[in-house]
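give the three-dimensional model of this entry:
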Amino acid sequence: MTPLRRTVAGTVGNYLGVVLILVWGLAPFYWMVVTAFRDKDHTFSTNPLPSHLTLENMRDALATDAGNNFLRAIGNSLIVGAATTIIALAVGVFTAYALARVDFRGKGVVTGIILAASMFPGIALVTPLFQLFTNIGWIGTYRALILPNISFVLPLTVYTLTSFFRDLPWRLEEAARVDGASRGQAFRKVILPLASPALFTTAILAFIATWNEFMLAQQLSTPQTEPVTVAIARFSGASAYEFPYAATMAAGALVTVPLVVLVLVLQRRIVSGLTAGGVK
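Numbers count the residues shown, from 1 in each chain. A predicted model of the protein is given here:
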């Protein structure tokens with residue numbers, strides 16, 4: 001095979017791989033959106049194209065007459081996601097800076113503990129957390145949802161920011177120190193502005209991870225504090241023998257489309273933040 005043919009074959013193979021990944025990842029999302037706008041009488045239609053379009057499913061998803069309160073669940077998810085992201089960033093940025101810039105005894109142990117925490121299975125925490133929060137009266141509160149989510153997203157925050165801080169030029173901080181800035185001033189006025197792409201990326205990833213959490217939220221929330229994932233799971237139809245597939249698809253589209261649009265619009269910042277510091 002000539003070099004030109006190898007180049008063409010490689011290019012075609014790359015594009016085929018990209019198309020395959022897109023179809024594999026976006027086909028369920030596409031089918032959810034199509035079903036969300038399809039009449040309930042044609043919910044199980046196999047037509048891959050949009051047909052029998054209606055907004056009735058959206059109205060059913062937002063209605064409260066069947067015991068559902070989807071708008072309140074969206075507000076709960078926003079509160080839990082924002083609080084978790086802010087706290088995880090506030091703690092993670094200082095932890096990552098210390099691991100990357102400060103030499104202290106036991107740094108390897110601290111890094112290992114953070115890694116072990118990120119690998120711990122979440123299902124193993126359901127029973128002890130439920131028992132603990134029941135004993136202290138936290139079941140059904142935002143605190144019971146925010147604290148476990150912080151423990152899940154904090155390792156991601158620390159590792160993402162540590163990689164970035166470790167590869168920032170030391171001379172920038174040293175120059176600020178020579179000019180009379182303290183370590184805190186150098187961190188606040190020099191390091192943090194340079195770390196804004198990584199901070200932005202970490203915030204988005206932490207928020208999405210919190211937004212999608214279901215297992216713990218199902219056990220630790222009540223109808224007044226449940227997030228969207230739990231609210232969708234407990235959607236009820238007009239009767240006990242009817243499952244509202246169309247309304248569930250509409251609710252899933254309402255909470256998924258904004259995240260997809262957010263990632264597509266901000267993909268350049270996300271990619272730059274993930275790859276920042278990855279090359280010397």
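
pull the CA atoms of stretch 72-81 into PDB?
C-alpha atoms of stretch 72-81 as PDB (Å, rounded to 0.1, in the frame of the first residue of the first chain):
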ATOM      1  CA  ARG A  72     -39.100  21.600  42.800                       C
ATOM      2  CA  ALA A  73     -36.800  18.600  42.100                       C
ATOM      3  CA  ILE A  74     -34.900  20.700  39.600                       C
ATOM      4  CA  GLY A  75     -34.500  23.400  42.200                       C
ATOM      5  CA  ASN A  76     -33.200  20.800  44.700                       C
ATOM      6  CA  SER A  77     -30.700  19.500  42.200                       C
ATOM      7  CA  LEU A  78     -29.500  23.100  41.500                       C
ATOM      8  CA  ILE A  79     -29.100  23.800  45.200                       C
ATOM      9  CA  VAL A  80     -27.200  20.500  45.900                       C
ATOM     10  CA  GLY A  81     -25.100  20.700  42.700                       C
END
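
ok, residue 157 - contacts?
With contact taken as Cβ atoms under 8 Å, 6 or more residues apart in numbering, residue 157 is in contact with 88, 89, 91, 92, 93, 96, 202, 206. Yep, even glycine has a C-beta here, placed from its N, CA and C like the rest.

weed out the non-buried ones from the residues you listed.
With burial judged by 16 or more other Cβ atoms under 10 Å, the buried subset of those is 88, 89, 92, 93, 96, 202, 206.

what about the third one, which helix or strand?
This means residue 92. helix 70-101 (DSSP states H and E).

list the buried residues for that helix?
For helix 70-101, by 16+ other Cβ under 10 Å, it's 70, 72-74, 76-77, 80-81, 83-85, 87-89, 92-93, 95-101.

now it: mean pLDDT?
The average pLDDT for helix 70-101 rounds to 91.

that one: what's the following helix or strand?
Using DSSP H and E, the first helix or strand after helix 70-101 is helix 107-119.

and the buried ones among the contacts of residue 157, which is closest to residue 259?
Using Cβ to Cβ, residue 206 is the member of the buried ones among the contacts of residue 157 that lies nearest residue 259, at 13.0 Å.

the helix or strand that contains the closest one versus helix 70-101: what angle between them?
Residue 206 belongs to helix 196-211 when elements are defined using DSSP H and E. Relative orientation of helix 196-211 with respect to helix 70-101: 140 degrees, computed using axes from the mean of the first three to the mean of the last three Cα atoms, to 10 degrees.

care to break this protein down by domain?
What the TED database lists as the domains of the chain is 8-53, 60-277.

would you single out the least confident of those domains?
Of all the domains of the chain, domain 60-277 carries the lowest average pLDDT, namely a mean of 84.

off-centre distance for that domain?
6 Å (Cα atoms, centre = their mean, to the nearest Å).

how much space separates the nearest residue to residue 226 once chain neighbours are set aside from residue 28?
Once flanking residues are discounted, residue 226 sits nearest to residue 73: 5.7 Å by Cβ to Cβ, 6 or more residues apart in numbering. Distance of residue 73 to residue 28, given as Cβ to Cβ, to the nearest Å: 22 Å.

ok, then the element right after the helix or strand containing residue 165?
Assessed by DSSP H and E, residue 165 sits inside helix 142-166. Counting by DSSP H and E, the element after helix 142-166 in chain order, helix or strand, is helix 170-178.

and that next one, what does it pack against?
When contacts are defined as 3 or more Cβ pairs under 8 Å, 6 or more residues apart in numbering; DSSP states H and E, helix 170-178 sits against helix 183-186.

mind listing what's buried in the helix it packs on?
Neighbour count says helix 183-186 has residue 186 buried, by 16+ other Cβ under 10 Å.
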